[in-house]
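1. how would this look folded up:
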Amino acid sequence: MLQAIEKYLAYLKSVRNSSPHTISNYGQDLAQFISYLSPPGLEAPALAEINHHVIREFVADLHGQGLQKSSIARKLATLRSFFNYCVRQGLLKESPARLVPTPKLPKRIPSVLSAEEMNAFLNQLAPRPSGPTDLGGTVTATIARAAKTKARKSVVVGEALLLPRDRALLELLYAAGLRVSELTGLNLVDIDERDRVLRVRGKGNKERIVPYGSKAQEALERYWPLRQELLLQLAGSRADRRAAPHVSAVFLNYAGRRLTQRSVGRIVKKYVRLINVNWDLHPHSLRHAFATHLLADGADLRAIQELLGHQSLSTTQKYTHASIRQLMDTYDKAHPHA
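-> This is a model prediction of the structure:
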């Protein structure tokens, strides 16, 4: 069974083009299943020895550990995928997981800010027309001072100076409805600034073309000088020799390397706390807002499916519920007899 699992994980990587995150999760789920089947001192059973009763007992054990239904459903989905692979490879005649029901999950409607709230949030990160709060001017002035004093190597870009980068990534998350992995995976060649479109690599390494708006374009233009500084500020240092900058990446950290998904999560949380501590937003919330606001303004559901890169229309349809909920909230607030 262990050999079959190794081949399955290799299949996910080479044939299915699954993300490292997906492969890691599937590997952990299968390792947990093996651990359940083979306590210390015992060997893992053969594939032919696994039946639906064994899998039901495993699911019951997960329930006993207090796992959420969503986590149990994911682990069961991993087992289904693995055993289906074994059937296709001729290792089994039929999948033992086919008779095990998935725990019934409550329908979760994504929490979405209104268009007005989202605009207010992003506009508070935009630079003022003039004066000391002009963030683009502040970045340029700081770079110029560093060059004049020949202190470029010792310049540390503080959080305040990273605001143009942060605003650009927040604008793109909302303007193009990107997943965080798609945002951090963007390269310079993926951006067509003339036509304002992005070439995005989504799940399964599938590419799609997504447009973005003028505000996102403006934010990117203000970010480019800072990006250049991030690439240059550590040039020649020992740390830089050990880890070369990611010159092709769009979004960089203070060390000139590609921004990670975890860092994007921290950035979103940081600005949400500054703007409104009562909001429970994460990077995917901007993708939810993108889809819900397009739908509310009359966009076709199929078009939204293409923009989001969803394989199934049913995945996109959850945004219809969020849109209806916003409509009901508006009714409750505005109608005299609500």
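
2. show me the shaky parts of the chain.
-> The chain contains residues with pLDDT under 70 at 41, 105-111, 127-160, 233-245, 277-278, 313-338.

3. residue boundaries of the strands in the stretch 101-250 of the chain?
-> 191-192, 197-201, 207-211 (DSSP state E, counting those that start in this stretch).

4. buried residues, the second one. List them.
-> What it means is strand 197-201. Applying a neighbour-count criterion of 16 or more other Cβ atoms under 10 Å, one finds Leu198, Val200, Arg201 buried in strand 197-201. The way it works is simple: take the backbone N, C-alpha and C, and place the C-beta from them, glycine included.

5. who touches stretch 63-72?
-> Defining contact as Cβ atoms under 8 Å, 6 or more residues apart in numbering, one finds that stretch 63-72 is touched by Val59, Leu62, Pro103, Lys104, Leu105.

6. which among these count as buried?
-> Val59, Leu62.

7. of the contacts of stretch 63-72, closest to Lys93?
-> In terms of Cβ to Cβ, no member of those lies closer to Lys93 than Val59, at 22.3 Å.

8. roughly how far apart are Leu163 and Arg98?
-> As for Leu163, its distance to Arg98 is 53 Å (criterion: Cβ to Cβ, to the nearest Å).

9. repeat for Ser81
-> Applying Cβ to Cβ, the value for Ser81 to Arg98 is 12 Å.

10. quick one, which of the strands of the stretch 101-250 of the chain is nearest to Thr260?
-> Distances from Thr260 to each of these were compared using Cβ to Cβ; the minimum, 16.5 Å, belongs to strand 197-201.

11. give me the angle between that closest one and strand 207-211.
-> What separates the directions of strand 197-201 and strand 207-211 is an angle of 150 degrees, with axes from the mean of the first three to the mean of the last three Cα atoms, to 10 degrees.

12. direction included, what does strand 197-201 pair against?
-> Applying DSSP bridges, strand 197-201 is found paired with strand 191-192 (antiparallel), strand 207-211 (antiparallel).

13. and the ones you listed: which comes nearest Met1?
-> With Cβ to Cβ, the closest approach to Met1 among the strands paired with strand 197-201 belongs to strand 207-211: 36.0 Å.

14. follow-up on the earlier one: and Ser81 and Arg98? Which one has more around it.
-> The neighbour count for Ser81 versus Arg98, taken as other Cβ atoms under 10 Å, is higher for Ser81 (18 against 12).

15. need the contact list for the nearest residue to the more buried one once chain neighbours are set aside.
-> By the measure of Cβ to Cβ, 6 or more residues apart in numbering, the closest residue to Ser81 outside its immediate chain neighbours is Tyr26, 7.3 Å from it. The neighbourhood of Tyr26, defined by Cβ under 8 Å, 6+ apart, consists of Tyr8, Leu9, Leu12, Ser18, Thr78, Ser81, Phe82.

16. need the strands of the stretch 101-250 of the chain in a markdown table (columns: distance to Cys86).
-> Formatted as a markdown table, those follow (distance: least, Cβ to Cβ, whole Å):
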| stretch | distance to Cys86 |
| --- | --- |
| strand 191-192 | 43 |
| strand 197-201 | 30 |
| strand 207-211 | 31 |
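
17. those strands: which one's closest to Ile34?
-> Within the strands of the stretch 101-250 of the chain, the stretch nearest Ile34 is strand 197-201; the backing value is 32.4 Å (Cβ to Cβ).

18. from the chain's centroid, how far away is that closest one?
-> When C-alpha coordinates are averaged (Cα atoms, centre = their mean, to the nearest Å), strand 197-201 and its chain have centres 15 Å apart.

19. and the contacts of that strand?
-> Among residues not part of strand 197-201, those counted as contacts by Cβ under 8 Å, 6+ apart are 172, 176, 178, 182, 185-186, 189-192, 207-212, 309.

20. which of those residues are buried? Put it as a ChimeraX command.
-> Those of these that count as buried under 16+ other Cβ under 10 Å are selected in ChimeraX with:
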select :172,176,178,182,185,186,190,191,210,212,309
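
21. re the thing from before, list the buried residues of the helix or strand harbouring the residue nearest to Ser81.
-> Counting by DSSP states H and E, the secondary-structure element that holds Tyr26 is helix 20-37. Residues Thr22, Ile23, Tyr26, Gly27, Asp29, Leu30, Phe33, Leu37 are the ones in helix 20-37 that count as buried (16+ other Cβ under 10 Å).

22. stretch 28-46: how far from the chain's middle?
-> The offset between the C-alpha centroid of stretch 28-46 and the centroid of the whole chain comes to 31 Å, using Cα atoms, centre = their mean.

23. hmm, who's touching that stretch?
-> Outside of stretch 28-46, the residues within contact range by Cβ under 8 Å, 6+ apart are 1-2, 5, 8-9, 50, 54, 58, 61, 74-75, 78-79, 82.

24. thanks again, I'm all set now.
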